[in-house]
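Participant: Requesting a structural model of the entry that follows:
(chains A and B)
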Amino acid sequence: DAKTTQPNSMESNEEEPVHLPCNHSTISGTDYIHWYRQLPSQGPEYVIHGLTSNVNNRMASLAIAEDRKSSTLILHRATLRDAAVYYCILRNTPLVFGKGTRLSVIA
Amino acid sequence: DTGVSQDPRHKITKRGQNVTFRCDPISEHNRLYWYRQTLGQGPEFLTYFQNEAQLEKSRLLSDRFSAERPKGSFSTLEIQRTEQGDSAMYLCASSPPRRRGKLTDTQYFGPGTRLTVL
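Facilitator: Next comes the predicted model:
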């Protein structure tokens, strides 16, 4: 399975954009890039996924590098409710989670 | 609420006892997954079903663990002769049937069952 690398933790001020990076240099041509997040004391929840093109939804945007070896999850305006662990995942069935990035949002 | 539900939410048991957890997936979701999560780690896959068929089991799933999904709806995960190392959050997720040509799907997670083995 291709491996992902994410920073252990990041911090953001409320109302500011957040860019969460993920490296996946061994990604294969058919691997989708998925992002899930886990709020405190809850199960993970789906955020967004993409293959080659950048993607937007109501929660976030996903920017995928042209060579697909990295991607960035963008939260356009962080709120306190976005404080969570964010996971970048390649294998989908089943999901293979790493340790993710713990995002702290400061009021 | 039509999300994935799990029961019980918390379970405390003594070492050596058997425990059983239940997961009710979202209606009409044909795939059901079990994961385990320990403190500070991401969830780890245990097993998954497509309808009533168990398609994949992780090496983490020792012979003390058994999962069933008898009618392709709810699922149970049983742990026999629990050990302190079994203490974890057990998460269930479900996903809908894939549309033709779709190579990936979205999993919807329940709130989990927290198991503490004393």
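
Participant: quick one: stretch B:111-118 to chain centroid distance?
Facilitator: The gap between where stretch B:111-118 is centred and where its chain is centred comes out at 12 Å by CA atoms, centre = their mean, to the nearest Å.

Participant: What are the buried residues along that stretch?
Facilitator: By neighbour count with 16 or more other CB atoms under 10 Å in any protein chain shown, stretch B:111-118 contains the buried residues B:Pro111, B:Gly112, B:Thr113, B:Arg114, B:Leu115, B:Val117. Glycine gets a C-beta too; all of them are placed from N, C-alpha and C.

Participant: filter these by proximity to chain A?
Facilitator: Among these, proximity to chain A is found for B:Pro111, B:Gly112 (CB under 8 Å from any CB of the partner chain).

Participant: and the buried residues of stretch B:111-118 as JSON lines, adding pLDDT, secondary structure and distance to B:Leu39?
Facilitator: What follows is the buried residues of stretch B:111-118, written out as JSON lines (pLDDT from 0 to 100; DSSP: H, G, I helix; E, B strand; the rest coil; distance: CB to CB, whole Å):
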{"residue": "B:Pro111", "pLDDT": "96", "secondary structure": "coil", "distance to B:Leu39": "17"}
{"residue": "B:Gly112", "pLDDT": "97", "secondary structure": "coil", "distance to B:Leu39": "13"}
{"residue": "B:Thr113", "pLDDT": "97", "secondary structure": "strand", "distance to B:Leu39": "15"}
{"residue": "B:Arg114", "pLDDT": "97", "secondary structure": "strand", "distance to B:Leu39": "11"}
{"residue": "B:Leu115", "pLDDT": "98", "secondary structure": "strand", "distance to B:Leu39": "12"}
{"residue": "B:Val117", "pLDDT": "98", "secondary structure": "strand", "distance to B:Leu39": "14"}
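
Participant: any idea where the strands of chain A begin and end?
Facilitator: Secondary structure of chain A, counting by DSSP state E: strands at A:9-13, A:18-23, A:33-38, A:45-50, A:55-56, A:61-64, A:70-75, A:84-89, A:101-106.

Participant: Minimum distance to chain B: which of these has it?
Facilitator: In terms of CB to the nearest CB, the element of the strands of chain A nearest to chain B is strand A:45-50, at 4.7 Å.

Participant: Identify each buried residue in that closest one, please.
Facilitator: In strand A:45-50, residues buried by neighbour count (16+ other CB under 10 Å) are A:Tyr46, A:Val47, A:Ile48, A:His49, A:Gly50.
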